[in-house]
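A.B. asks: Next input, structure requested:
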Amino acid sequence: MADAPNNAPAATPPPVLNRVDVPAGLWTQCPSCQATVYQKALEENLHVCPECGYHHRIPARTRIRQLVDPDTFEEFLAGLVSTDPLKFSDRGKYKDRLQQAQEKSGELEAVVTGKAFIRGRPVILAVMDPFFIMASMGAVVGEKVTASLERATDENIPFVVVTASGGARMQEGMVSLVQMAKTSSAVARMDDAGGLYIVVMTDPTTAGVAASFASLGDIHLAEPGAMVGFAGPRVIENTIKAKLPKGFQSAEFMLEHGFVDRIVHRKNLRTEIARIIDYAGK
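C.D. replies: Predicted structure coming up:
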């Protein structure tokens, strides 16, 4: 084969493409359908995927803005903070983890409580924040939920709780576990007084929260696809040595088996809560 002549033209280099940096947070990927969704469009759709309807987890303050009438939320017990009764440490110190959660979420604890109006109906409201140590229930969460129940009972207005929790907070040991009895007792007192208690179960509502005040409402609503149950499916399968049915612990499964009264799309929650309050005559 003959060598190429010395005067052969040089290969044309590929064109240089200008790199376009996409600002962080402009797009998000749906964990359900994997669609790439414009973040602003997701927010305008109440953080529900416009492609598949997946209900994203949202912070407590975002939930409150979606639910209540504008400028009606009056927060109480905002200054309560967790202590470290056991001086707990595993991979790190509990007090350090609390500080990190506070800085990341902007909240002092895993539940926000207050009085508000939903379509003109007065309510006492408690909203759990899944971004604060997975909204685990320690002494402060138990105290704020209990105080909210007691205030709703005293003022004879409905109590609405939006649950989203991984359960009791193990770093507080027995202190966290007794919150199950404490909140349940407050629910019983409200029931004795004839109060109305509405639970809105969102993803996830599990463990000690599901086994206490989240399962004791007069009406249980749930968002589509929310995980509702006690232990995780793998733990249950290993315990009972059996394969669980398809969709086990989904809101739809719980509706079919009578643990949830109605599944409500996020855009309809305000209207549904107001309708229930009117129906109950509260």
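
A.B. asks: Looking at the nearest residue to residue 248 once chain neighbours are set aside now. What's its pLDDT?
C.D. replies: Using Cβ to Cβ, 6 or more residues apart in numbering and skipping residues adjacent in sequence, the residue nearest residue 248 is residue 233, 6.0 Å away. For the C-beta atoms, the positions are set from N, CA and C on the backbone; glycine is no exception. Predicted confidence (pLDDT) at residue 233: the value is 75.

A.B. asks: Next, count neighbours for residue 233.
C.D. replies: Neighbourhood size, residue 233 [other Cβ atoms under 10 Å]: 13.

A.B. asks: That one against residue 250, yeah?
C.D. replies: No: using Cβ atoms under 8 Å, residue 233 makes no contact with residue 250, being 10.4 Å away.

A.B. asks: Residues that sit against both of these two, list them.
C.D. replies: The overlap between the contact sets of residue 233 and residue 250 (Cβ atoms under 8 Å, 6 or more residues apart in numbering) is empty.

A.B. asks: Just the strands from the protein, written as ranges.
C.D. replies: 27-29, 36-38, 74-75, 111-118, 121-128, 159-165, 197-205, 219-222, 262-263 (DSSP state E).

A.B. asks: hey, which of these is tucked in deepest?
C.D. replies: Among the strands of the chain, ranked by average contacts under mean count of other Cβ atoms under 10 Å, first place goes to strand 159-165 (a mean of 28).

A.B. asks: angle of that strand against strand 111-118?
C.D. replies: 140 degrees (axes from the mean of the first three to the mean of the last three Cα atoms, to 10 degrees).

A.B. asks: Pairing partners for strand 159-165, with directions?
C.D. replies: strand 121-128 (parallel), strand 197-205 (parallel) (DSSP bridges).

A.B. asks: Only the C-alpha atoms, please, for stretch 25-32, written as CSV.
C.D. replies: Extracted in CSV, the C-alpha atoms of stretch 25-32 (Å, rounded to 0.1, in the frame of the first residue of the first chain):
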residue,chain,number,x,y,z
GLY,A,25,-32.6,22.0,40.9
LEU,A,26,-34.1,22.9,37.6
TRP,A,27,-35.1,19.3,36.8
THR,A,28,-36.0,16.3,38.9
GLN,A,29,-36.5,12.7,38.1
CYS,A,30,-39.6,10.9,39.2
PRO,A,31,-38.7,7.9,41.4
SER,A,32,-41.8,6.1,40.1
